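In: Sequence and predicted structure, then a few things I'm wondering about:
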Amino acid sequence: MATSDAIIKITSCSKHFGPVRAIDDVSFDIARGEFFSLLGASGCGKTTLLRLLAGFEQPTKGNIFIDGQGMAGVAPNHRPTNMVFQSYAIFPHLDVRRNIGYGLRDAGLSKKELDGKIDQMLELIKLPGFGSRAAHQLSGGQRQRIALARALIKRPKVLLLDEPLGALDKKLREEMQLELRALQRNVGITFVFVTHDQEEALTMSDRIAVISQGKVLQIDTPTSLYESPNCKEVAGFIGTMNFFDGTVKSMEEANAVVDAGPLGDVRTRPFAAKLPASGASITVAIRPEKINLNPSRPSASHNVIEGRMSAAAYLGDRSHYYVAVKGRNAPIAVAAQNVNAARSWLGGQDQPVWLSWREDSVILLDR
Amino acid sequence: MSTRADAGQPVEYSPSKVVEGNRYGWLFVYAVLYIAFLYVPPLFLPLFSFNDSIYVAFPIKGFTFEWYRQMAKSTGLLDALYNSLKVGAVVCLASTLFGMLAAKAMTRYTMPGKGPMASFIMLPLVVPGIILGIALLVLTNQVGLELSLFTIGVSHVLICVPFGMLVLISRLEGFDKSLEEASLDLGVNAWKTFWRVTVPLALPGIIASIMLTFLISFDEFILAFFLAGNEVTLPIYIWSQLRFPAKLPSVLALGTLILTVTMVLVAVAEWIRRRGTATTKPTAG
Ligand SMILES: Nc1ncnc2c1ncn2[C@@H]1O[C@H](COP(=O)(O)OP(=O)(O)OP(=O)(O)O)[C@@H](O)[C@H]1O
Ligand SMILES: [Mg+2]
């Protein structure tokens, strides 16, 4: 990402609340026009980071630049950002039109101009004709859209969204994810989007910052985060992952052979940039959907292990299986698409099965 | 409604119904006695204010408007009423304003010494009125201030601010503080946000605070007694007239009028409060 085109620059920023380090020495850039997500578990500091950008909190240390301007001491009402609050914060004493037009009341527009802009916004959020509704006559989805329109009418350089879809039911949420993404492409405004839902972050974002305990663990595109996480925490947070402790036995050209305890010797093809040293203690990680389930011993000479089926969950389009292997407490998770109606050879619990995987499906992580 | 529910009940349930009915029977008697205890004494006011006798005692003699006529002619009483209204009006506005500022500080800002400051504001609530009265009298003498309606008003503000603050704190805590942040975020400065968001949303609380503090000031006796100069407030005037039996019935007439106005005001305030909570309660999405 070209830093020259960064709309937001955060440089070694910290925010402490007494002993709590809500944000702990964070530095990164967000590019102009990007859909950027902050992803992390509850309490990791996502809202705090967003409030630092909006100006509701001042950093304990470090600086924030928005569009080249230092934000130290700049009040929220003077920042080129607008926010969609987690609770939406729709003004209960104003109707929909007044809510949407609230930020332009002092802009010196004529009544006609203002009405035109509000109508445009109502059109954009697909709620034309809702202008005269009172705030308490709206559904959750409608409130969410109005909060969005109220912020967008200000044409901010950056729109901050704090879990805007968290209060919606699953179906509406999926609909709104697509809509929000399309809207962002249309208006071309930089979105900083907070979520704790990794699937949501993966579907919507250009880039994602994974945050844990106030620190940024990794910033990458959804594909890179999923396929090559840089640490155990990221690998475990995004999707499901099977982890095995191991030691590097040998390096054969670009291939590593890892002694992974109960798995036996695992052959991997790690990225050239991250070649481990021989003898190093590392973690072997394999995604459930990258493991094949076989009824009998496959012919491959390595990356094969025998186990017993301990549980299976049928999810319609796919199934999740849990396979117990000798010498390991936690079962190995396997996910398979149900391409054929059913796996007729699957006899049920305790049936012996063989797991196999490709060399390039294995991720090596520092322990 | 209960009869309809009973009709649908199987017969075996009726014994327990009777027991329950009995218990509620006792509760009902208790409630009636309690309400009578609360409301019968004030009802003597209108009763005797129309009684055609100078003595406030049973039996009732006859019906008359005489005491109301006397009340309207008694300049001392009307002056005292006017003084009380004047002091009450200023006190309720001032203490609601101060209460609002204090409530905003208590609920919206983090600052050092917030806890001790809150206790300090609440102090006049727990200091006995007579102590406060003496203390303020000594203070006014020391400062060289002349006793007047002004000194009464200042002392009333002192005891009314905690009430206003409490009412408004509960109101301000009742709505999402991100509403004010949203206003700031949309480019509206803190002062305009206060007027466009905080005040409209706190309005039911503001009205409640104005009425409550007005009533406190209106019937406050001890502080007014210590701090009154030549002009007196109504409670002091009434107290001073109790020595003259002939004046008592017209005091009762005034009392009746005040009671009526108070009840109307309280009903209106309650109506506003309910409307307020109906429109500001968010419907969960
Ligand atoms: N005003 C505050 N005073 C003290 N501690 C705070 C304050 N705001 C946040 N914190 C603490 O900072 C940490 C990060 O909080 P934050 O609200 O940013 O989390 P979050 O990632 O948004 O969580 P969630 O997903 O639950 O919304 C938490 O431990 C929280 O308790
Ligand atoms: Mg949050």
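Out: That came in fine, so what should we check first? Ligands and ions are numbered 1, 2, ... in the order given.
In: Please count neighbours and contacts with C-alpha atoms only from this point.
Out: Fine.
In: Give me every residue in chain A lying close to chain B.
Out: Residues of chain A lying near chain B by CA under 8 Å from any CA of the partner chain: A:54, A:56, A:76-79, A:81-83, A:85, A:87, A:89-93, A:102-103, A:135-141, A:143, A:151, A:154, A:167-168.
In: and with 6 Å instead?
Out: Proximity of chain A to chain B, by CA under 6 Å from any CA of the partner chain, involves residues A:76-77, A:82, A:89, A:92, A:103, A:136, A:139-140.
In: so of those residues, which ones are in strands?
Out: Mapping the residues of chain A next to chain B onto strands (DSSP state E) picks out residue A:82.
In: so does the helix or strand hosting residue B:157 get close to chain A?
Out: In this assignment (DSSP states H and E), residue B:157 forms part of helix B:149-173. No. Using CA under 6 Å from any CA, helix B:149-173 stays clear of chain A, with a minimum separation of 14.0 Å.
In: Restrict the helix or strand that that helix is followed by to CA atoms and write it as CSV.
Out: Sequence-wise, the next helix or strand downstream of helix B:149-173 (DSSP H and E) is helix B:178-185. What follows is helix B:178-185, C-alpha atoms only, in CSV (Å, rounded to 0.1, in the frame of the first residue of the first chain):
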residue,chain,number,x,y,z
SER,B,178,-23.7,8.7,22.5
LEU,B,179,-26.6,10.9,21.4
GLU,B,180,-24.6,14.0,22.5
GLU,B,181,-21.5,12.5,20.9
ALA,B,182,-23.3,12.0,17.7
SER,B,183,-24.3,15.6,17.7
LEU,B,184,-20.6,16.7,18.2
ASP,B,185,-19.5,14.2,15.6
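In: circling back to that earlier point, can you lay out the residues of chain A next to chain B as TSV showing neighbour count?
Out: Below are the residues of chain A next to chain B laid out as TSV (neighbours: other CA atoms under 10 Å in any protein chain shown):
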residue	neighbour count
A:76	27
A:77	22
A:82	30
A:89	23
A:92	21
A:103	23
A:136	22
A:139	13
A:140	18
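In: out of the residues of chain A next to chain B, which one sits closest to residue B:222?
Out: For these, the closest approach to residue B:222 (CA to CA) belongs to residue A:92, at 43.0 Å.
In: What is the burial count for the closest residue to residue A:295 other than its chain neighbours?
Out: With CA to CA, 6 or more residues apart in numbering or on different chains as the criterion, residue A:295 has its nearest non-adjacent residue at 5.3 Å, and that residue is residue A:353. Residues lying near residue A:353 (other CA atoms under 10 Å in any protein chain shown) number 19.
In: A strand includes residue A:353, no?
Out: Yes. Assigned with DSSP: H, G, I helix; E, B strand; the rest coil, residue A:353 falls within a strand.
In: Residues in a beta bridge with it, which ones?
Out: residue A:307 (DSSP bridges).
In: so it sits right up against residue A:307, yeah?
Out: Yes. Contact criterion CA atoms under 6 Å: residue A:353 and residue A:307 qualify, at 5.5 Å.
In: Worst mean pLDDT across the helices and strands of chain B, which element?
Out: Least confident helix or strand of chain B, by mean pLDDT, DSSP states H and E, is helix B:2-8 with a mean of 43.
In: Now do the closest residue to ligand 1 within the stretch 101-250 of chain A against residue A:211, distance only.
Out: Closest contact between the stretch 101-250 of chain A and ligand 1, by CA to the nearest ligand atom, is at residue A:196 (6.0 Å). Residue A:196 sits at a distance of 10 Å from residue A:211 (criterion: CA to CA, to the nearest Å).
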